[in-house]
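Asker: got a structure for you, letters missing:
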């Protein structure tokens, strides 16, 4: 994901569930439809939490970089 496409980048490193999800939810409300939100996290639970959150909200989880911590996630706001 090219940084030029990222509208908002959030640092959720060191936070445990549910705080990374709360940050993403708040961040999504500040960007426009089709904009990209990037989030960095160190919580291994984020891997499953963010996938479930995207499914339940309808926002698109565009890409995941989970090879090593910190993990990076990119979401596209869909509505």
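Answerer: Everything's here; your move. What you are looking at is a predicted structure, and each value in this text was computed from that prediction instead of being measured.
Asker: so how many other residues sit close to residue 28?
Answerer: 20 (other Cβ atoms under 10 Å). Yep, even glycine has a C-beta here, placed from its N, CA and C like the rest.
Asker: sorry, wrong one. I was asking about residue 36.
Answerer: By other Cβ under 10 Å, 21 other residues sit near residue 36.
Asker: repeat that for residue 64.
Answerer: Other residues close to residue 64 by other Cβ under 10 Å number 14.
Asker: can you name the next helix or strand after the helix or strand containing it?
Answerer: Assessed by DSSP states H and E, residue 64 sits inside strand 60-65. For strand 60-65, the succeeding helix or strand toward the C-terminus, using DSSP H and E, is strand 71-76.
Asker: leaving out chain neighbours, which residue sits closest to residue 14?
Answerer: Once flanking residues are discounted, residue 14 sits nearest to residue 42: 5.9 Å by Cβ to Cβ, 6 or more residues apart in numbering.
Asker: in this structure the one you found contacts residue 68, no?
Answerer: No: counting by Cβ atoms under 8 Å, residue 42 does not reach residue 68; the two are 10.2 Å apart.
Asker: list the contacts for residue 60?
Answerer: Shown in contact with residue 60 (Cβ atoms under 8 Å, 6 or more residues apart in numbering): 54, 75-76, 78.
Asker: most neighbours among the residues you listed, which one is it?
Answerer: Among these, residue 75 has the most neighbours (other Cβ under 10 Å), with 25 neighbours.
Asker: tell me the bridge partners for that residue.
Answerer: residue 37, residue 61 (DSSP bridges).
Asker: just want the angle from the strand holding residue 64 to strand 71-76.
Answerer: Calculated by axes from the mean of the first three to the mean of the last three Cα atoms, to 10 degrees, strand 60-65 forms an angle of 160 degrees with strand 71-76.
Asker: the chain should start at 447 in everything you say after this.
Answerer: All right, first residue 447 from here; so that's strand 506-511.
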